[in-house]
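**Student:** I would like to see how this sequence folds:
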Amino acid sequence: MIDLLGKIENTLDRGLGVFFPKAEARRRIQRLALAEIRAEIRDKYERSGSYALYAAAKTTRLTGSWRPVNANVNDIITGSWDTTTARIRQLIRDFPYFKRATNIMVDYSVGGGILFRSAIRDANNKLNRVLNQKIDDAFHFWADEADFCKQLHFYEMMALAKRQDMETGNFLLVKTHSADKGRFLPFALRMYEPDWLMTSLDSIDYRGNGGKIRIQRGIEYNYDTGETLAYHFQDPDAWNSKSGIRIPKSDIIHGFETLRPGQRMGISPYVAGVLLAGDLQSIIESELDASKMASKWLAIVETDAMAASQIGRGTKVENGTRIESLENAIIDYLRPGEKITLSSNPRPGDNFAPFVKLILTMLSVTTGAPYELLSGNYEGMNFSTSNTVRKDFAHELKPICMRHIRQFCLPSSYGFYDAAVLNGKLDLPKYFTTPYAYLKMEWQPPGMESIVPLQETKAYIDQMSAGIRSPQEFVKARGRNLEDVLNEIAEAREMAEERDLDFNQKPGTAAANNPAALGASDTGKGGKEE
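**Tutor:** Coordinates of the predicted model:
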């Protein structure tokens, strides 16, 4: 472009010089100066190998081989899903830290279940306890048999869905109905693995609805709008069959983390740490093998006459190799020219543990599990660091739990409500015309108990007294429901009175009301943690 511009300028200058020679000369001098500036700019960008305005986009000697794929998100996931999922599953089976990370994320986000509770309010905006209790009882009856295959409780299915989410990036449930007359409700859920989605239809030009319907990784969608329409599964009970089953989107519960607009399928959050975890597993195994081999050699005898030194010695032969043993409290006299060197085993080296800690810290960032929980190493932690890790992890869990509530809990419960009303298990007038009045509910994720209950409780009491924090918030942080707690307290008081016990008796020691004296602080005399 610069060369073409120069030719045009030369032509204009020649035409101008016919009538104004001095003006032509001035223009040529100015153009020579401008050409030097242009040449400098051209050399600068040619040396960088790129005309990019961002340094991150420049191609240099060090970044020349770095050419990442920047394609459609669904094409990237579809092309990588099988291999990455197989590797992640293998690491979860064989690599202790990936298995530990999965258990941590499932236990802390779902645990024994994100607990359901109806929260319908009456005209006075007060909880309708009678109706809520009826709905809670019906839900608990249904939860016992929510699994179509009669294997898992509803809360166990919830945890398995989260585990699938960590392993594969997706969880899939099919809303179905059972013909079993012994069920509380015919509505049930059946769990499918993402592997069952058919890939054989991806190459077929699906011309339904004027050619606007396409299929990718077994997911049927509208090409113009991106709306998912149906899922095509290979029948898990007939793997040899080429035919599959098509299930409408309305009967599917599909959960995954959306990373880019238009994404129709998820991928495991572990994907960024797969290669790193595989390398660490290989290094640990190699180091263990090398340590075992090094520890087998106790001593080495050096001699100038190998044949003569072996005469008369008690030896044994293994695999053609002469082996000698050294017993306890033995003093041996060496022949002339012989010297014994005791073998030392320097493995693992001093840098091995810090190296593993660095890699585990990187895997902690990838998996979301705190390093201390992932590694089981609490060395050097005190109250401040423990509390910081706990609060950071609790904050990280909030969007994870909320996504599971939106993608698993709510769609499942809507099916329960519909079936319970249709089958006469719940009497909810005008439910199908105004359902939202009845679909008010709470889902309580598992909480975390305080690491210093006395100190935090006193702080919460002060905040509640000041009106800046509610008792509900405090109780929910522990994974409980305030109404349950109050009912338990009332019941406990009643049992104490029946036994002539003073339920409100407080400890008589001054230390009971002084957190610092009990070591609640990690600084100062008497409160320092080692």
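
**Student:** Leu259: which element?
**Tutor:** Element membership for Leu259 (DSSP states H and E) is empty, with no helix or strand holding it.

**Student:** list the contacts for it?
**Tutor:** Shown in contact with Leu259 (C-beta atoms under 8 Å, 6 or more residues apart in numbering): Val73. Where you see a C-beta, it was placed from the backbone N, CA and C, and this is true even at glycine.

**Student:** and the gap between it and Leu363?
**Tutor:** 20 Å (C-beta to C-beta, to the nearest Å).

**Student:** check what pLDDT the nearest residue to Arg214 once chain neighbours are set aside gets.
**Tutor:** Distance criterion C-beta to C-beta, 6 or more residues apart in numbering; nearest residue to Arg214, sequence neighbours excluded, is Tyr223 at 4.8 Å. Predicted confidence (pLDDT) for Tyr223: 83.

**Student:** wait, isn't Tyr223 in contact with Ile215?
**Tutor:** No: counting by C-beta atoms under 8 Å, Tyr223 sits too far from Ile215 to count as a contact (10.2 Å).

**Student:** of the two, which one has the most company?
**Tutor:** Ile215 (24 against 12; other C-beta atoms under 10 Å).

**Student:** could you check the distance from the more buried one over to Leu197?
**Tutor:** For Ile215, the distance to Leu197 - C-beta to C-beta - is 10 Å.

**Student:** for Ala477, grab phi and psi.
**Tutor:** The phi and psi torsions at Ala477 (degrees, to the nearest 10) take the values phi -60, psi -20.

**Student:** quick one: the strands in the stretch 401-530 of the chain?
**Tutor:** Taking DSSP state E, counting those that start in this stretch as the criterion, the stretch 401-530 of the chain carries its strands at 441-444.

**Student:** same question, the stretch 151-300 of the chain
**Tutor:** Using DSSP E, counting those that start in this stretch, strands in the stretch 151-300 of the chain cover 171-177, 187-192, 213-216, 219-222, 228-234, 244-248, 252-255, 299-302.

**Student:** any weak-confidence spans in the stretch 151-300 of the chain?
**Tutor:** Residue ranges of the stretch 151-300 of the chain with pLDDT under 70: 203-211, 236-243, 294-300.

**Student:** adding distance to Glu285, write the strands of the stretch 151-300 of the chain out as CSV.
**Tutor:** Formatted as CSV, the strands of the stretch 151-300 of the chain follow (distance: least, C-beta to C-beta, whole Å):
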stretch, distance to Glu285
strand 171-177, 32
strand 187-192, 34
strand 213-216, 38
strand 219-222, 39
strand 228-234, 36
strand 244-248, 40
strand 252-255, 35
strand 299-302, 27
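
**Student:** quick one: closest of those strands to Gly64.
**Tutor:** Gly64 lies closest, by C-beta to C-beta, to one member of those: strand 213-216, at 33.1 Å.

**Student:** packing partners for that closest one?
**Tutor:** With contacts taken as 3 or more C-beta pairs under 8 Å, 6 or more residues apart in numbering; DSSP states H and E, strand 213-216 sits against strand 219-222.

**Student:** pull the distance from the strand it packs on to the chain's centre.
**Tutor:** 27 Å (C-alpha atoms, centre = their mean, to the nearest Å).

**Student:** equivalent analysis for stretch 103-123, please.
**Tutor:** 19 Å.

**Student:** straight-line length of it, end to end?
**Tutor:** End-to-end distance for stretch 103-123: 44 Å, by C-alpha to C-alpha, to the nearest Å.

**Student:** sorry, back to before: which neighbours do Ile215 and Leu197 share?
**Tutor:** Joint contacts of Ile215 and Leu197 (C-beta under 8 Å, 6+ apart) are His232.

**Student:** for the closest residue to Gln133 other than its chain neighbours, report the pLDDT, please.
**Tutor:** Among residues not flanking Gln133 along the chain, Ser118 sits closest, at 8.0 Å (C-beta to C-beta, 6+ apart). At Ser118, the predicted lDDT confidence score is 93.

**Student:** for the one 5 residues further on, same thing?
**Tutor:** As summarised for this prediction, Ala123 has a pLDDT of 85.

**Student:** so what does it have for phi and psi?
**Tutor:** phi -60, psi -20.

**Student:** return the distance of it relative to Asp136.
**Tutor:** 21 Å.

**Student:** so what's the residue count around Asp75?
**Tutor:** Per other C-beta under 10 Å, the neighbour tally for Asp75 reads 12.

**Student:** just to be sure, it is in a helix?
**Tutor:** Yes: assessed with DSSP: H, G, I helix; E, B strand; the rest coil, Asp75 lies in a helix.

**Student:** closest to Ser65 out of the strands of the stretch 151-300 of the chain?
**Tutor:** So among the strands of the stretch 151-300 of the chain, strand 213-216 is nearest, using C-beta to C-beta, at 30.4 Å.
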